[in-house]
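Asker: okay, predicted coordinates and the sequence, questions at the end:
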Amino acid sequence: MADTDIPFPKKLCWTFDNRPFHLRTPLLFACNPNILPRPNDWTEHIHVTGYFFLKEKSYRPLDELSAFLDNGDAPVCISFGSMVNRKAERIGQIVREALKQINNRGIILSGWGV
């Protein structure tokens, strides 16, 4: 197995399975329903909400972030949303190595950790 291979379990566990006495966690897909139409087989706890927009007009990034953004080509943004992974540190290493290989800067939106 190569260093970059991530071993996945043979059977993935989905915490939102329909089990007796298990509360259904709402799932929100924040994208346009024209891009991702809601499939008919999704249950009532899954929602396509549309995009979220921050209406704050007075936002000013920290000086350190502004300097980073202004100092070179636009960085690649890599997001894991709220994904949780036991090998977060390894995935972070893979992402940083990939950015080095493509000679690009990046911003990692780590969610719950990378």
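Answerer: Everything's here; your move.

Asker: can you name the next helix or strand after the worst-scoring helix or strand of the chain on mean pLDDT?
Answerer: Lowest by mean pLDDT, DSSP states H and E among the helices and strands of the chain is strand 27-29, with a mean of 85. Next in sequence after strand 27-29, counting helices and strands by DSSP states H and E, comes strand 46-48.

Asker: got the contact list for the helix or strand that that next one is followed by?
Answerer: Using DSSP H and E, the helix or strand that follows strand 46-48 in sequence is helix 63-70. By CB atoms under 8 Å, 6 or more residues apart in numbering, the surrounding residues in contact with helix 63-70 are 61, 75, 105. (Each C-beta comes from the backbone N, C-alpha and C, glycine too.)

Asker: show the buried residues in those residues.
Answerer: Neighbour counting with 16 or more other CB atoms under 10 Å marks none of the contacts of helix 63-70 as buried.

Asker: got these as TSV, with distance to Glu44 and pLDDT columns?
Answerer: Listed next are the contacts of helix 63-70 as TSV, based on distance: CB to CB, whole Å; pLDDT from 0 to 100:
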residue	distance to Glu44	pLDDT
Pro61	39	88
Pro75	39	94
Arg105	42	94
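
Asker: what sits against Ile46?
Answerer: With contact set as CB under 8 Å, 6+ apart, Ile46 has these partners: 26-27, 29, 38.

Asker: so which of those residues wins on neighbours?
Answerer: The most neighbours of any of these, using other CB atoms under 10 Å, belong to Phe29, which has 15 neighbours.

Asker: poorly predicted segments of the chain, please.
Answerer: For the chain, applying pLDDT under 70 flags the ranges 1-24, 83-84, 111-114.

Asker: pull the longest helix from it.
Answerer: The single longest helix within the chain, with elements called by DSSP state H, is helix 88-101.
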